[in-house]
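Asks: give me the fold of what follows.
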Amino acid sequence: MAKVRMTQYGTKHGHARGKMQAMLVNPDVEVAGIFEPDEERRAQLQANGSWANDVHWFANAAEMLEDESIVAVASEGNNAESLDQTEEIVNAGKHVWYDKPAGENWEQWQRVIDTAKEKSLLVQMGYMLRYHSSFKQVTEWARSGFLGNVFSVRAHMSTNISKEARTRISQHVGGIFFDLGGHVLDQIVWMLGRPEKVTSFLRNDGGSVEPFKDNTLTVYEYEQGMAFITISALEPRPMARRFEVYGTEGSAIILEPFEPGHTIRLCLQSAKEGYSQGEQLVKIDGESRQRLYELELDAFLATIAGTQPPDRPISHELLVQETLLRATEVIYSPT
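Replies: Sure thing, here's the model as predicted:
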């Protein structure tokens, strides 16, 4: 079977290096090259003996996008440029492995998806926790009814970033929530669907870069439950990252650290499906971050090949982004 020729558009996303490495080690991929539109960034990477030095560098986007032998592109620009770049990729008729989030222009994102549908192209978002064994298990329990009716989900995914990074991200109205919130929103809306109401508290409590929103809480209301996400850019390392799901018949908490996520605290009202009543610790092998990128790519390639459907329908990719933009108050939708 012929290898899939892939390229990478952009290098400024925080996952760019890992995604390139995933393509390079995948036996079913031929990496045709990389394009970085920022000449200063390109020169910096080439001068430093970086991770991209052994890959062909395209002189311009057209050289990459007009090459009909290239089937798919990893979209790895920063959050301010990646949606425009992804639209270029889709317009060129290529599948996209697109790193989160999908920009702040809701109308443009819908247009990109419509074009992809018209051209029968796959757009797969880079939410790596979809492929994390602990998250997959907890989500399966929630969606199947194993935990009863889920009435509460709590997620905490904070970080600690430099002033330079805060300044860069401050151009996005949601600040640190815009940057990281999609990872756990991807899980929450997969379990619970579209929230009826979203309420956000987007604050600048660090004071170092105004108006960067560095301390955030968002609340999602459903007919019979709520979800809460807290994300800050101020938390000392190592950060306490948590994911908790509570249902009427049981609860499941991924114990820290949730990467690689080796342990789930499961508590059941009654014994079922081989698990005991009460509290127990469920051991999971877990995966490294790099391994999650590789699993993302495996799913992307299998969907392109037609051997499996997308792990998330395109309607879900739209819903995650709509919910993120509701939470960051880019779009207003009271219901």
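
Asks: list the contacts of residue 267.
Replies: Neighbour list for residue 267: 250-252, 278-280 [criterion: Cβ atoms under 8 Å, 6 or more residues apart in numbering]. The way it works is simple: take the backbone N, C-alpha and C, and place the C-beta from them, glycine included.

Asks: which secondary structure state does it sit in?
Replies: Judged by DSSP: H, G, I helix; E, B strand; the rest coil, the three-state class of residue 267 is strand.

Asks: all further residue positions should be reported with the first residue as 765.
Replies: Right, with 765 as the first residue, what we last looked at is residue 1031.

Asks: that one and residue 948, how far apart?
Replies: Using Cβ to Cβ, to the nearest Å, we find residue 1031 at a distance of 21 Å from residue 948.

Asks: swap in residue 931?
Replies: Applying Cβ to Cβ, the value for residue 931 to residue 948 is 25 Å.

Asks: of those two, give the one with the bigger neighbour count.
Replies: Comparing residue 931 with residue 948 by neighbour count (other Cβ atoms under 10 Å), the higher total belongs to residue 948, at 26 against 12.

Asks: hang on, the earlier thing: farthest pair within the contacts of residue 1031?
Replies: Across the contacts of residue 1031, the longest distance by Cβ to Cβ is 13.5 Å; it joins 1016 and 1042.

Asks: which one's more surrounded, the two?
Replies: residue 1016 (25 against 12).

Asks: quick one, grab the pLDDT at the more buried one.
Replies: Per-residue confidence for residue 1016 comes out at a pLDDT of 98.

Asks: am I right that it is in a strand?
Replies: Yes: secondary structure of residue 1016, determined by three-state DSSP: located in a strand.

Asks: contacts only, for it.
Replies: Neighbouring residues of residue 1016 by Cβ under 8 Å, 6+ apart: 901-902, 905-906, 911, 1008-1009, 1028-1031.

Asks: please tell me how far the spatially most central residue of the chain sits from residue 797.
Replies: Among the residues of the chain, the smallest C-alpha distance to the mean C-alpha position (Cα atoms, centre = their mean) belongs to residue 891, namely 2.5 Å. Distance check for residue 891 against residue 797: by Cβ to Cβ, it reads 26 Å.
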